[in-house]
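Peer 1: can you look at this prediction? I've put the sequence above it.
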Amino acid sequence: MYDQVLPPALARRGPSKKDFTNMILFLFKQVDPTFEFGAKFEEDVVQQLRNLRYPISISKTSLAAVGTPHTWPMLLMAMSWLIELLSYDEAIQQANEAEQDDENDEENGDKPFFKYLDASYHIFLAGEDEKYDALERQERGKLIARNEAVKQETSELEQHREELKRRIEKAKRDKNALAELTSMKTDCESDLLKFRKLVKDYEKTKVKLGKKLESLVDVQQSCDEELAFRHEEIKRLQTRIDNQELSAHDIEQIGLERARLTEQLHQVLAHQDEFQKQIKNDENRAAEIRDDLDAQIHKYMNTCKQLKIIPVTAKNSLNFDFALELDPNLEELGAVQKLTHRLKTEIRHAALQLKQNRVARANAGLDDALELDEDLQKCENQLNIEIESEKLWESKVKNYAEQMLVEREKRVEYFRRKTAATEEVEKKITNITNGDNLVEEEAMSRQHLLDVRKASAEMKEGYQALLDRNERAVTHVLTACINHKDMVDRAISSLEAEVNKVEL
């Protein structure tokens with residue numbers, strides 16, 4: 001069992017070098033309990049993987065930067081391979097022990113007797129005669145249980161023989177069984193062609209979505225260029241304001257410039273609404289694809305019922321579970337109940353663990369998408385509040401401009417007679433001008449607009465990643481469907497061979 005604490009944010013940002021060292025050391029100690037890292041950690045990891053014959057080379061540079069996005073997938077693949085190797089070794093050991101016990105019990109029938117004789121002899125030598133009766137009762141109970149097991153196995157074999165006799169008799173009576181099976185095989189092949197066509201359609205849809213994403217990237221680049229141009233214009237206007245005195249005409253020009261910038265802000269918000277509508281359309285398209293998959297699986301289940309291969313106890317099931325069910329997250333499939341001995345002992349345990357990990361990552365991705373959606377809504381509300389605040393400031397600026405015009409008229413009229421009053425009016429104008437920090441408010445509004453655009457871009461990237469995972473899950477589901485079809489073909493072929501033997 002792993003003896004370290006995993007950080008909660010490991011699934012989102014990748015492990016640190018210390019976490020990776022603890023995990024890979026734990027796995028290496030499963031192979032060799034005495035293994036320890038030397039002075040150079042990177043060389044020890046590369047050498048140990050080479051000794052285990054890992055097929056892909058790992059560089060020391062990637063081990064020096066464990067948590068980076070371009071190195072972590074390769075290291076994660078190596079750890080997954082090592083876990084599968086350990087699971088395979090454990091399953092092989094358990095299978096060998098079970099087979100050894102079965103062979104000893106079946107082939108060496110005298111072994112229990114010799115064990116009983118050995119225990120009796122030890123009791124005799126120890127002089128513990130009172131334990132002999134208990135030992136004899138224990139041995140008698142084992143023999144009775146063994147006889148019951150043999151009787152039960154014999155009864156099961158008799159039932160199986162009777163079942164085979166009934167199937168042979170029914171095959172003799174039913175002359176059209178081969179024709180029906182051939183027709184069923186043709187239907188299954190037709191369904192397989194339809195599934196392959198569906199896969200091609202999904203691949204075309206994926207290409208279209210990629211092209212649309214490229215166009216959105218171009219739009220984003222143009223918006224960034226426009227934003228850079230606006231920043232340069234703000235700097236130029238700031239320089240102009242610093243180098244000249246503020247007049248009523250200048251304030252009026254600032255109001256017009258603010259109105260123009262507000263209109264541009266509304267246009268940007270309109271573009272954002274269009275992007276959200278496009279995302280909604282993509283979600284609806286994904287839902288339609290899922291509904292189509294549900295319909296295909298429903299048709300497949302009806303075909304299986306007609307073939308009488310589901311449930312497991314059905315007549316033609318051959319003890320296989322051919323049922324197929326689409327998980328709500330598109331990343332889980334019902335497992336086949338009876339597979340070959342190699343799949344049971346080597347692959348299945350590791351595959352189930354990997355599938356559970358994929359489901360957990362998909363759920364975490366959906367939670368992150370919902371959180372980003374909530375953050376975007378909060379940003380939109382905050383943007384509306386800032387717009388209302390900006391309108392309020394524009395109204396105040398207009399009032400201040402009117403007051404400045406009145407004060408300037410008074411200053412011209414009474415300049416010669418009331419110099420003291422004129423100086424007081426000029427002080428008022430200076431105080432009002434210094435108190436109205438319009439440039440700072442405008443900078444704050446533009447910074448908030450940049451934050452909203454950044455959050456929108458992050459949400460688009462998260463949604464695109466979710467679409468990619470769903471496409472991979474759809475491909476996995478279709479591959480499983482094709483595998484089920486192949487298994488049905490093999491079952492039909494075996495039934496045809498059995499019917500041919502019966503007719504001969």
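Peer 2: Perfect, I can see it now.
Peer 1: helix, strand, or coil at the residue lying closest to residue 292 once chain neighbours are set aside?
Peer 2: Residue nearest to residue 292 in three dimensions, not counting chain neighbours: residue 198, with 7.5 Å by CB to CB, 6 or more residues apart in numbering. The way it works is simple: take the backbone N, C-alpha and C, and place the C-beta from them, glycine included. Here residue 198 is recorded as helix under DSSP: H, G, I helix; E, B strand; the rest coil.
Peer 1: cool, and residue 69?
Peer 2: Here residue 69 takes the coil state, with states given by three-state DSSP.
Peer 1: okay, the residue nearest to residue 292: pLDDT?
Peer 2: pLDDT for residue 198: 87.
Peer 1: could you verify my assumption that it touches residue 477?
Peer 2: No - under the criterion of CB atoms under 8 Å, residue 198 makes no contact with residue 477, lying 10.6 Å away.
Peer 1: does residue 53 belong to a helix or a strand, and which?
Peer 2: If you go by DSSP states H and E, residue 53 is not part of any helix or strand.
Peer 1: apologies, that question was intended for residue 46.
Peer 2: Here residue 46, judged by DSSP H and E, is contained in helix 41-51.
Peer 1: show me which residues of the very next helix or strand once past that helix are buried.
Peer 2: Once helix 41-51 ends, the next helix or strand along the chain (criterion: DSSP H and E) is helix 60-64. Using 16 or more other CB atoms under 10 Å as the test for burial, helix 60-64 gives 62, 63.
Peer 1: okay, now the residue nearest to residue 292: neighbour count?
Peer 2: 17 (other CB atoms under 10 Å).
Peer 1: how much space between it and residue 303?
Peer 2: When distance is defined by CB to CB, to the nearest Å, residue 198 is 16 Å away from residue 303.
Peer 1: over to residue 285?
Peer 2: Between residue 285 and residue 303 the distance, using CB to CB, works out to 27 Å.
Peer 1: who's more crowded, those two?
Peer 2: Counting neighbours by other CB under 10 Å for residue 285 and for residue 303 shows that residue 303 has the greater number, 19 against 13.
Peer 1: residues in contact with that one?
Peer 2: Contacts for residue 303 (CB atoms under 8 Å, 6 or more residues apart in numbering) come out as 184, 187, 188, 191.
Peer 1: the last one sits in which helix or strand?
Peer 2: Put plainly, it is residue 191. Using DSSP H and E, residue 191 sits within helix 177-242.
Peer 1: can you spell out which helices and strands pack onto that helix?
Peer 2: helix 248-307, helix 438-503 (3 or more CB pairs under 8 Å, 6 or more residues apart in numbering; DSSP states H and E).
Peer 1: quick one, which of those helices is packed in tightest?
Peer 2: Highest mean neighbour count among these (mean count of other CB atoms under 10 Å): helix 438-503, with a mean of 16.
Peer 1: what mean pLDDT does it get?
Peer 2: 73.
Peer 1: same question, stretch 139-150
Peer 2: In the prediction, stretch 139-150 has an average pLDDT of 87.
Peer 1: output it as PDB, nothing but the C-alphas.
Peer 2: Only the C-alpha atoms of stretch 139-150 are listed here, as PDB (Å, rounded to 0.1, in the frame of the first residue of the first chain):
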ATOM      1  CA  GLU A 139     -10.300 -36.300   8.800                       C
ATOM      2  CA  ARG A 140     -13.700 -37.900   8.400                       C
ATOM      3  CA  GLY A 141     -15.300 -34.500   7.900                       C
ATOM      4  CA  LYS A 142     -12.700 -33.700   5.200                       C
ATOM      5  CA  LEU A 143     -13.400 -37.000   3.400                       C
ATOM      6  CA  ILE A 144     -17.200 -36.400   3.600                       C
ATOM      7  CA  ALA A 145     -16.800 -32.900   2.200                       C
ATOM      8  CA  ARG A 146     -14.600 -34.100  -0.600                       C
ATOM      9  CA  ASN A 147     -17.100 -36.800  -1.500                       C
ATOM     10  CA  GLU A 148     -19.900 -34.300  -1.500                       C
ATOM     11  CA  ALA A 149     -17.900 -32.000  -3.800                       C
ATOM     12  CA  VAL A 150     -17.200 -35.000  -6.200                       C
END
